[in-house]
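**Q** Model the following, please.
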Amino acid sequence: MRLAYQFALENDNVSADAIEATEFPDLTTKYRVHAVPKTVVNQGFSIEGSLPEEHYLDEILKAVGGELNTPG
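**A** Below is the predicted model:
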């Protein structure tokens, strides 16, 4: 989750929220959470488990079509 927050701090086009899976069973079911951490991108693409930063970024870029627009 720390990396998602860092991405959100660096880019205005990125937002990050964390939830406690056991406190939100409806979201857990909706996003099919079976392991944590689970990152969901644009309500469709997801990453389960923890990854090193460079691999995490690669997966996020795959999810958004290879580019994150930078502000300005």
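**Q** which helix of this protein spans the most residues?
**A** Using DSSP state H, we find that the single longest helix of the chain is helix 53-63.
**Q** what packs against that helix?
**A** Other elements packing on helix 53-63 under the criterion 3 or more Cβ pairs under 8 Å, 6 or more residues apart in numbering; DSSP states H and E are helix 2-10, strand 38-41, strand 45-48. Just so you know, the C-beta spots here come from the backbone N, C-alpha and C atoms, and that holds for glycine as well.
**Q** Give me the buried stretch members for that helix, please.
**A** By 16 or more other Cβ atoms under 10 Å, the buried positions in helix 53-63 come out as Tyr56, Ile60, Ala63.
**Q** show me the contacts for Gly44.
**A** Counting by Cβ atoms under 8 Å, 6 or more residues apart in numbering, Gly44 makes contact with Ala63.
**Q** and what of the one 5 residues further on?
**A** Gly49 makes contact with Ala35, Pro37, Lys38, according to Cβ under 8 Å, 6+ apart.
**Q** The first one should be in a strand, yeah?
**A** No: remark: Ala35 does not belong to a strand; assigned using DSSP: H, G, I helix; E, B strand; the rest coil, it is coil.
**Q** Number the chain from 36, please
**A** In the new numbering, first residue 36, that becomes Ala70.
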